[in-house]
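Chemist: what's the 3D shape of this:
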Amino acid sequence: KIRIRLLSSRGIYDRDLPLHLKEGSALRPSTAATDDSDRAWHFALHSLDAWPNLQRAEPLRTVAVEHAKDLPPPERDDFAGAVTRTLVVRSDGYYVFYVQATDKARLTVAGATMVDADGSNGRYEQAIVAALRRGTYALRLEYRHPLKDSAVNLRVFQNQDDDVEWWKHPVLKLADDEPR
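Modeler: Sure, this is the predicted structure:
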């Protein structure tokens with residue numbers, strides 16, 4: 001386990017960010033193709049009691065949007081959701097998957113569970129470093145949204161060899177807003 005100390009713009013220590021390294025071989029892509037023509041986020045909203053088995057449950061509504069801010073508001077405050085998208089990796093390397101959740105969230109990449117976060121128990125944010133090969137990966141983020149102000153976010157960064165500041169190299173982000 002590695003912990004990253006985050007400093008605010010005021011130059012003071014704010015919080016620790018737990019960072020976990022995935023051991024083993026590089027994760028194989030869902031497909032070797034690097035076609036990024038589908039840039040949409042595909043959302044499926046479920047009743048809250050469908051958690052944690054969202055893949056087996058019938059969604060209440062589905063929608064595809066290019067930006068999460070274009071997502072129509074849900075018809076209820078409490079629900080569970082799943083969002084899918086492809087991640088195109090143009091070159092082999094290390095990638096950081098950063099998930100923030102005020103409740104429960106689970107991220108899978110090419111079918112492998114990478115993050116199982118539980119913001120309700122104080123694990124508000126989690127980052128995983130994983131080796132990826134060139135290709136296209138299927139991402140799936142499942143989450144619980146039990147309260148009106150619940151939030152979830154996903155960011156992916158590329159770790160470039162000559163720069164230790166991996167957070168300066170964003171590849172993909174679900175939302176522009178930080179969860180509260």
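Chemist: Does the residue nearest the centre of the chain belong to a helix, a strand or coil?
Modeler: Centroid-nearest residue in the chain, with C-alpha atoms, centre = their mean: L154, separated by 3.1 Å. The three-state assignment at L154 reads strand, by DSSP: H, G, I helix; E, B strand; the rest coil.
Chemist: Who does it form a beta bridge with?
Modeler: V99 (DSSP bridges).
Chemist: residues in contact with it?
Modeler: When contacts are counted by C-beta atoms under 8 Å, 6 or more residues apart in numbering, L154 touches V83, F97, Y98, V99, L107, L139, L141, L172, K173, L174. To be clear about C-beta, it is placed using only N, CA and C from the backbone, and glycine gets the same treatment.
Chemist: can you tell me which of those residues are in strands?
Modeler: Judged by DSSP state E, the contacts of L154 include V83, F97, Y98, V99, L107, L139, L141, L172, K173 as members of strands.
Chemist: which sections of this structure are below the confidence cut-off?
Modeler: The model of the chain has pLDDT under 70 over residues 1-24, 32-36, 162, 176-180.
Chemist: and A50, how many neighbours?
Modeler: Using other C-beta atoms under 10 Å, A50 is surrounded by 22 other residues.
Chemist: What residues does it make contact with?
Modeler: Contacts here follow C-beta under 8 Å, 6+ apart; on that basis A50 touches A57, A80.
Chemist: how near is it to T102?
Modeler: The gap separating A50 from T102 is 19 Å, by C-beta to C-beta, to the nearest Å.
Chemist: mind checking how far stretch 76-93 is from the chain centre?
Modeler: Distance of stretch 76-93 from the chain centroid (C-alpha atoms, centre = their mean, to the nearest Å) equals 6 Å.
Chemist: And the strands in this protein?
Modeler: In the chain, the strands defined using DSSP E lie at 2-7, 13-21, 41-46, 61-65, 79-89, 93-101, 104-109, 112-118, 125-132, 135-145, 152-159, 170-173.
Chemist: mind checking which of those is nearest T31?
Modeler: Counting by C-beta to C-beta, T31 lies closest to strand 135-145 out of the strands of the chain; the figure is 4.9 Å.
Chemist: in the closest one, what's buried?
Modeler: By 16 or more other C-beta atoms under 10 Å, the buried positions in strand 135-145 come out as G135, T136, Y137, L139, R140, L141, E142, Y143, R144, H145.
Chemist: Excluding chain neighbours, give the residue nearest to P170 in space.
Modeler: In this structure, P170 finds its nearest non-sequential neighbour in F157, 5.6 Å apart by C-beta to C-beta, 6 or more residues apart in numbering.
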